[in-house]
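Student: the sequence isn't on hand, but the structure is:
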C-alpha cells in the first residue's frame, strides 16, 4: 500500500516566486508516474518536495495514506536516484549501498543479504569493493539504483537519472529501469525533460509547464489527444506541426479549412508529421485538409523519410513523415493530405483543445 | 614535454642545479659548523668537510646547553615549539572546519555577517592587535603557558576560507543523499565531509604547523620563564654573550635541530599537500 497522493501542492520561494502551483494527482500503488516538462517547469521542485528536500509551502503530500509534509526525508520511506548519482566518493560500492541501512540500525546480516540480492539483480557483484571513481557512468548509475533498492522503500524517486549517460546507454538503462520497477513493484515517480523517456517509461504521464500541470494521463492518450497546445508540441518527435488560423489572416496553401468547425476567434490547427500523406490525386479528403508544400529538404533514414517543407504562400515550416523511401526533388511543390480524425484544433488564445467532431 | 632535445635538457638541469646549490650550500655550511669545535670556527678555518664533533655538539646542546650563554638544554624549547606548532595547527583546523561547515550548510541569522567578520580577521594578524591581545592574555593569567602561546594564534580566517571554498565545491546532492540515507548534520560532517576533506586538511596542517613553528614575536612577548620559551628564541639567546666567544657550533646545531621538524612534516605530507592545493577528491 504505497499510493502517493498530492493535494493542491504549491511551492512559493522566499522572494515570492511561485515555482509550482496547485498540483493534485495520485500515483496508484505500483504505478510508474513520469513528470515531464521543459527545464524550469517545476518538475524537479515537485519531486524534491515529495522527497522532503524542499519544504511544502501549500497543500498536502501523502505517501501510503500518511501526510508527510512535516516528516524528515529519512522517515518518509522513500529512496531517491539523483541526476549525477550522488555516490559517496570515499566509500566503496558496498558501503555506498550499506550506509543508509546502517544509519537505520539494520542488522549486519540483513544488510549483507540485501546488498547481495541487489548486486545480483544489477550485475554489480564484481564491483562491490571498488570506489565509484573506478566505475563507468552506467555502472555508477546502477550503484545509485542499488542504493535505492536495498532500502526497500515504499516509493522510488528518480531525478533525471539518465541525463548524464550517452544515448545508447540511456536507451539500455531505460529498458532496465522499467523492467526493474515492474519486477519490484515499487511505486515510482520519475522526472525527465526527455519526452521519449517519458513516453516509454510511464504508466501515468504528467506534463508540466511553468509550474502547472498541463495534462495527466496514459502516454498514448496524451499523444493522441493532447489537451493543450503545449502538450501537443511537447510530446512526440518531431513535434506536431502547428498552423495558426487567425480570423482574417488565413494562410494560403491549405485546402479544406471551410469544413472545420472554426471558432470565430480563430484557432491553431495541429497535424502530426506521420499523418500527412503524400497526395496521390488533386483532391481534398472529405472533412480533411490538404497542404501545398514547397519542399526544402528530404531526409531518408531507411524505414521512413522526413520531408521538410514550407506552406506555399505563408512560408510556415511543416515536417511530414512518410513510410519507406520517398524521392522528392528539393524546390518542387507537392500536396500532402490529412484525414479528419488526425486533425487537432486548439483555441488561439488559451491553447485549450477544441472539439472536432 | 616529450621532445628529445639534449642541449635544452642539459641547460635546464644546470639551472636547476645552480638553484639547488644556492639553497643548500648555506644549510650545508651550518651543518659543517655544527660538527666542528669552537676554535676552528673562531679562527675562520672552517673546512667544507664535516668535523669530528657531531655527536658531542648535538648531545651538548640538546641535553646540557651552551657553556656561556643560556646554559640550558635545548630539548625544552624544542618540545615547547612542538606543542605550540601542533596546538596551533590542530586547533586552527578544528575551529575552521566547524565554522566553514556552519557557514556553508546552515542558515542562521547574520550568517553573512559572521562570514565577513571572520574574513576581516585576515587583516588583523597578531602584530596588529598585539597590545589588546597581550592585555587579554595577561588578564586571563595565561602568560607563560601553552594556552597563552597557542590560543591567540588559532583564530584566523585563512583556514576557514580554504575550507569554505572547498565545501562549496562539494555537490549538494551528497548532502541530500545523506539526508535521505538518514544522516543528521553531524553525521554528514563526520561520515562524508571529513573523509572528503583529507587533502585540504593535510595542506592546512603543513602550512599552519610551519607558521606556528616559526612564531617569534608572540612567544618572545608572553614568555619570560626559560622553560616556556620556544626554539626560535632559544637560538637567538645562544648568540647573546658578553665577555666570551659566541658558541657558533652550538648555535648551528640548534639551528639544524630547529629545521628538522618542519622538514619532516613537509616531506611526510608532501603528496597529500600538493594534492590538497591543486585538486579535490570528488
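Tutor: Arrived safely. These figures come from a predicted structure and were not determined experimentally.

Student: center of chain A - which residue?
Tutor: residue A:198 (3.0 Å; C-alpha atoms, centre = their mean).

Student: from memory it sits against residue A:192, does it?
Tutor: Yes. With contact defined as C-beta atoms under 8 Å, residue A:198 reaches residue A:192; the gap is 5.5 Å. All C-beta spots, glycine's among them, are computed from the backbone N, C-alpha and C.

Student: so what sits against both of those two?
Tutor: A:34, A:36 (C-beta atoms under 8 Å, 6 or more residues apart in numbering or on different chains).

Student: please name the nearest non-neighbouring residue to the residue nearest to the centre of chain A.
Tutor: Leaving aside its sequence neighbours, residue A:198 sits nearest to residue A:36 (C-beta to C-beta, 6 or more residues apart in numbering or on different chains; 3.9 Å).

Student: likewise for residue B:118?
Tutor: residue B:157 (4.9 Å).

Student: shouldn't residue A:191 be within a strand?
Tutor: Yes. Membership of residue A:191 in a strand is supported by DSSP: H, G, I helix; E, B strand; the rest coil.

Student: what about residue 43, how many residues nearby?
Tutor: With no chain named, the answer covers chain A. By other C-beta atoms under 10 Å in any protein chain shown, 28 other residues sit near residue A:43.

Student: meant chain B, my bad for not saying
Tutor: Count around residue B:43 with other C-beta under 10 Å applied: 8.

Student: rewinding a little: for the residue nearest to residue A:198, phi and psi?
Tutor: phi -130, psi 150 (degrees, to the nearest 10).

Student: so it makes contact with residue A:189?
Tutor: No. With contact defined as C-beta under 8 Å, residue A:36 does not reach residue A:189; the gap is 11.5 Å.

Student: hmm, residue A:48 and residue A:61 touching each other?
Tutor: No. Counting by C-beta under 8 Å, residue A:61 sits too far from residue A:48 to count as a contact (11.2 Å).

Student: low-confidence stretches in chain B?
Tutor: Applying pLDDT under 70 to chain B flags the ranges B:1-3, B:70, B:276-282.

Student: pick out the residue nearest the middle of it.
Tutor: So for chain B, C-alpha atoms, centre = their mean, it's residue B:210, sitting 1.4 Å from the centre.

Student: show me what contacts that one?
Tutor: Contacts for residue B:210 (C-beta under 8 Å, 6+ apart) come out as B:85, B:262, B:265-266.

Student: hmm, try it at 6 Å
Tutor: residue B:262 (C-beta atoms under 6 Å, 6 or more residues apart in numbering or on different chains).

Student: and it, that's in a strand?
Tutor: No. Using three-state DSSP, the secondary structure at residue B:210 is helix, not a strand.

Student: for stretch A:335-349, measure first residue to last.
Tutor: End-to-end distance for stretch A:335-349, by C-alpha to C-alpha, to the nearest Å: 29 Å.

Student: identify the residues contacting it?
Tutor: Residues from elsewhere that reach stretch A:335-349, judged by C-beta under 6 Å, 6+ apart: A:229, A:265-268, A:270-271, A:275-279, A:285, A:287-293, A:320, A:353-354, A:356.

Student: if we can go back for a sec, which residues touch the residue nearest to residue A:198?
Tutor: A:192, A:198, A:207.

Student: one more time with 7 Å, if that's ok
Tutor: By C-beta atoms under 7 Å, 6 or more residues apart in numbering or on different chains, the contact list for residue A:36 reads A:43, A:192-193, A:195, A:198, A:205, A:207.

Student: in stretch A:256-273, which residues are buried?
Tutor: Going by neighbour count (16 or more other C-beta atoms under 10 Å in any protein chain shown), the buried part of stretch A:256-273 is A:256, A:260, A:262, A:266-273.

Student: now it: how far from the chain's centre is it?
Tutor: Here stretch A:256-273 is found 27 Å from its chain centre; the criterion is C-alpha atoms, centre = their mean, to the nearest Å.

Student: same check on stretch B:226-235?
Tutor: With C-alpha atoms, centre = their mean, you get 16 Å for stretch B:226-235.

Student: before we move on, the earlier item: the residue nearest to the centre of chain B and chain A: what is the separation?
Tutor: From residue B:210 across to chain A, the span is 27 Å (C-beta to the nearest C-beta, to the nearest Å).

Student: the helix or strand of chain A with the lowest mean pLDDT packs against which elements?
Tutor: Lowest by mean pLDDT, DSSP states H and E among the helices and strands of chain A is strand A:254-255, with a mean of 87. For strand A:254-255, the contact count by 3 or more C-beta pairs under 7 Å, 6 or more residues apart in numbering or on different chains; DSSP states H and E identifies strand A:289-300 as packing neighbours.

Student: the strand it packs on: which residues count as buried?
Tutor: For strand A:289-300, by 16+ other C-beta under 10 Å, it's A:289-295, A:298.

Student: can I get those residues in a markdown table with pLDDT and distance to residue A:217?
Tutor: Below are those laid out as a markdown table (pLDDT from 0 to 100; distance: C-beta to C-beta, whole Å):
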| residue | pLDDT | distance to residue A:217 |
| --- | --- | --- |
| A:289 | 91 | 26 |
| A:290 | 91 | 31 |
| A:291 | 91 | 29 |
| A:292 | 90 | 35 |
| A:293 | 91 | 32 |
| A:294 | 91 | 37 |
| A:295 | 92 | 36 |
| A:298 | 93 | 35 |
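
Student: with these in mind, which one is nearest to chain B?
Tutor: If you rank these by distance to chain B using C-beta to the nearest C-beta, residue A:298 comes first, at 44.9 Å.

Student: which residues does the closest one bridge with?
Tutor: For residue A:298, the beta-bridge assignment (DSSP bridges) gives partners residue A:307.

Student: state the distance from it to residue A:274.
Tutor: 15 Å (C-beta to C-beta, to the nearest Å).

Student: next to chain A, which bits of chain B? Give me the list.
Tutor: Applying C-beta under 7 Å from any C-beta of the partner chain, we find that chain B lies next to chain A at B:171, B:173-174, B:176-177, B:179-183, B:192, B:195-196, B:281-282.

Student: what's around residue 49, how many residues?
Tutor: Since no chain was named, I'll use chain A. Neighbours of residue A:49 (other C-beta under 10 Å): 25.

Student: please go with chain B instead
Tutor: The local packing of residue B:49 (other C-beta under 10 Å) involves 8 other residues.
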